[in-house]
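Enquirer: Build me a model from this:
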Amino acid sequence: MQRISLGKNGPLVSTLGLGCMGMSDFYGPADRAESVATIHAALDAGITMLDTGDFYGVGHNEMLIAEALKGKRRDDVFITVKFGAMRDPAGGFIGVDLRPQAVKNFLAYTLQRLGIDHVDLYMPARLTPEIPLEDTIGAMAEMVKAGHIKHIGLSEAGAASLRHAHAIHPVAALQIEYSLISRGIERDILPTAKELGIAVTAYGVLSRGLISGHWSQTRQAETRDFRAILPRFQGENLTANLQLVEALRIVAAEKGATPAQIAIAWVKAKGAALGATIVPLIGARNRTRLSEALGAVNIILDPDDQARIDRAIPRDAAQGSRYPEYQMAMLDSERP
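Expert: Numbers count the residues shown, from 1 in each chain. The predicted structure is shown next:
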């Protein structure tokens, strides 16, 4: 596993990260022992970045990671945490709190659950216009100075907010969805990140499994699997999107790879082609899916390969938005 600098003069991290969300939440039940084994396998394979959120499983994900890291050297792992989203006892979302005192409170609980004294990359999960960026970033900067945060990040921020935040305190990375069927960041956000020397940690590189080659027309989302409400997984949208996957499958077969591997390799290759730092986050929940995803590391896509993939899945070819309308309205990255 190679290493890459997370932004201009940033820390070195593995070229792939492990997104741990699905081990605790959003995709239905997960096996705890298998989740821990998957984290161990990722670390053994050279992955150093583990990505979580304090609201994933209402703290469960952080405690799961803490369990998996027992006996491991702290400096061998780069832990990224999103905060700000609030939930009720039933698991429902009840808003976002980015007040300075909330930032420090969320961080205190995160440090306790993870059993660590600092978070390597800390970022608000969503930005809200009610709280000025100066307040939120200012509080995070205080925690950097105190040693509880190493680097500041943002999640789903638009170009203007990214530039604004970076002027308050250096931003190391932006976490945002980026995949063959979610390419909106190429217009303004990615060029801004490149200009400012800010890395991108890309989640949803397989569009939550939709373009992995493992989803089917008849597959039903499990209990508490939020893909059941995502427009791209619905009716005619799903039919059209799976046709795109079949086109990708043909290209993948010619490279001796799977659709998932090609989709991950495409994101990595795009970073190099565009001169930007992009670290794909693999959302594997078990060792089988992790092993498949790791196969993308050694896939080299030349310009001809990339052009064929782009023809198989043209920009904006996906049917349906990536979130329901009310959730799309919460994304700073989607605001005009």
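Enquirer: alpha carbons only for contacts and neighbour counts from here, please
Expert: Fine.
Enquirer: Which residues are in contact with the spatially closest residue to Thr258 that is not a sequence neighbour?
Expert: Among residues not flanking Thr258 along the chain, Ala252 sits closest, at 5.4 Å (C-alpha to C-alpha, 6 or more residues apart in numbering). Neighbour list for Ala252: Thr258, Pro259, Gln261, Ile262 [criterion: C-alpha atoms under 8 Å, 6 or more residues apart in numbering].
Enquirer: now Ser182
Expert: Ser207, Asp316, Ala318, Arg322.
Enquirer: What count of nearby residues applies to the last one?
Expert: By the measure other C-alpha atoms under 10 Å, the count of residues near Arg322 is 20.
Enquirer: quick one: the helices in the stretch 51-200 of the chain?
Expert: 60-68, 100-114, 133-145, 159-168, 189-196 (DSSP state H, counting those that start in this stretch).
Enquirer: tilt between the second one and helix 60-68?
Expert: Read it as helix 100-114. Here helix 100-114 runs at an angle of 40 degrees relative to helix 60-68 (axes from the mean of the first three to the mean of the last three C-alpha atoms, to 10 degrees).
Enquirer: cool, the last one as well?
Expert: Orientation check (the same axes, to 10 degrees): helix 189-196 against helix 60-68 gives 50 degrees.
Enquirer: what's the distance between helix 189-196 and the middle of its chain?
Expert: Mean-position distance between helix 189-196 and its chain equals 17 Å (C-alpha atoms, centre = their mean, to the nearest Å).
Enquirer: quick one: contacts of that helix?
Expert: By C-alpha under 8 Å, 6+ apart, helix 189-196 touches Gly158, Ala159, Leu162, Arg163, His166, Leu174, Ala199, Val200, Gly275, Ala276, Thr277, Ser333.
Enquirer: And the first one, how close does it get to Ala173?
Expert: In this view, Gly158 and Ala173 are 13 Å apart by C-alpha to C-alpha, to the nearest Å.
Enquirer: who's more crowded, those two?
Expert: Ala173 (28 against 24).
Enquirer: tell me, how many neighbours does the closest residue to that one other than its chain neighbours end up with?
Expert: Counting by C-alpha to C-alpha, 6+ apart, Ala173 lies nearest to Ala199, which is 4.4 Å off, once chain neighbours are set aside. Ala199: 26 surrounding residues under other C-alpha under 10 Å.
Enquirer: OK, contacts around Gly53?
Expert: Contacts of Gly53 by C-alpha under 8 Å, 6+ apart are Met21, Gly59, Asn61, Glu62, Thr80, Val81, Lys82, Phe83, Ala125.
Enquirer: Is it bridged to anything, and to what?
Expert: Lys82 (DSSP bridges).
Enquirer: residue boundaries of the strands in the stretch 151-300 of the chain?
Expert: 171-177, 199-203, 278-282 (DSSP state E, counting those that start in this stretch).
Enquirer: Wait, Asn241 touches Ser321, no?
Expert: No - using C-alpha atoms under 8 Å, Asn241 is not in contact with Ser321, being 11.5 Å away.
Enquirer: Looking at those two, which one has more neighbours?
Expert: In this view Asn241 and Ser321 are compared by other C-alpha under 10 Å, and Asn241 has more residues nearby, 22 against 15.
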